[in-house]
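Engineer: Sequence first, then the predicted structure, then my questions.
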Amino acid sequence: MQETLLNNNSPITLLTIDAVKNFQLAVNSVPAPGLGGAIGRLNSVRSTILHIIDQLDCVISIISETEQSFHLNTEIETIDFHKLTSLLNFHSEKIITLCKNITNVKLTQPIQTFTPSIIPSQYNGASCEQLLSWTIAHLFIHTGEISTIAFLMGAQDITLPGKMQASLKKT
């Protein structure tokens, strides 16, 4: 039996791609003063990026049923900002590729989370589609956080949620 064709046009995968790209846009809009420590009650840009990299790697590992490759440690927490954004871009491309290649069948299959994990335990047994829905929401929350920091540091408003080029493209 042949599996379903590539699921490039699923609304959930296209919206995941847009959420990832909007987060990258927000990170790239932060001027140098915003790259330091926390501002008031907001997280630092660095800690938010590390948090999202951890999330993306975890989601990729769960859906592709592979070992998680990214692990937070003191060395990774102190790498320079350029290397950090390169790491973010690497994981962003991995999840975009996963979204472009996932099948309809795989989207509906239940997932198995692992411990410890950034993924909330109630998602154990949920579908890949439900995991991606949580990922989208989580990414947009932190995109708003990063864009707020950027704006407070003098950057132009990036007008979220951006162009949504994947999910709103005309076919």
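Structural biologist: Sure, I can see it. Residues are numbered from 1 along each chain as shown.
Engineer: Break down this protein into its strands, ranges please.
Structural biologist: Counting by DSSP state E, no segments of the chain form strands.
Engineer: low-scoring stretches of this protein, by residue?
Structural biologist: Along the chain, the parts satisfying pLDDT under 70 run over 1-8, 71-77, 170-171.
Engineer: which parts of stretch 9-24 are buried?
Structural biologist: 10, 12-24 (16 or more other CB atoms under 10 Å). C-beta here means a position set from N, CA and C on the backbone, and glycine is covered the same way.
Engineer: Report the two of those residues separated the most.
Structural biologist: Largest separation among these by CB to CB: Ser10 and Gln24, giving 20.9 Å.
Engineer: who's in contact with the spatially closest residue to Leu42 that is not a sequence neighbour?
Structural biologist: Distances taken as CB to CB, 6 or more residues apart in numbering put Ile149 closest to Leu42, at 5.8 Å, once the chain neighbours are dropped. Neighbouring residues of Ile149 by CB atoms under 8 Å, 6 or more residues apart in numbering: Val30, Gly34, Ile39, Leu42, Val45.
Engineer: Narrow these to just the buried residues.
Structural biologist: Applying 16+ other CB under 10 Å to those flags Val30, Gly34, Val45 as buried.
Engineer: From the buried residues of stretch 9-24, pick the one nearest Gln130.
Structural biologist: Once CB to CB is applied, the member of the buried residues of stretch 9-24 that ends up nearest Gln130 is Ile12, at 9.1 Å.
Engineer: In contact with the closest one, which residues?
Structural biologist: By CB under 8 Å, 6+ apart, the residues touching Ile12 are Leu107, Glu129, Leu132, Ser133, Ile136.
Engineer: The second one and Gln156: what is the separation?
Structural biologist: The one in question is Glu129. 35 Å (CB to CB, to the nearest Å).
Engineer: Those two - which one has more neighbours?
Structural biologist: Between Glu129 and Gln156, counted using other CB atoms under 10 Å, the more crowded position is Glu129 (20 against 9).
Engineer: pretty sure the more buried one is touching Leu107, no?
Structural biologist: Yes - between Glu129 and Leu107 there is a contact at 4.6 Å, judged by CB atoms under 8 Å.
Engineer: between the contacts of Ile12, which has the most around it?
Structural biologist: In the contacts of Ile12, the most neighbours by other CB under 10 Å go to Leu132, 23 neighbours.
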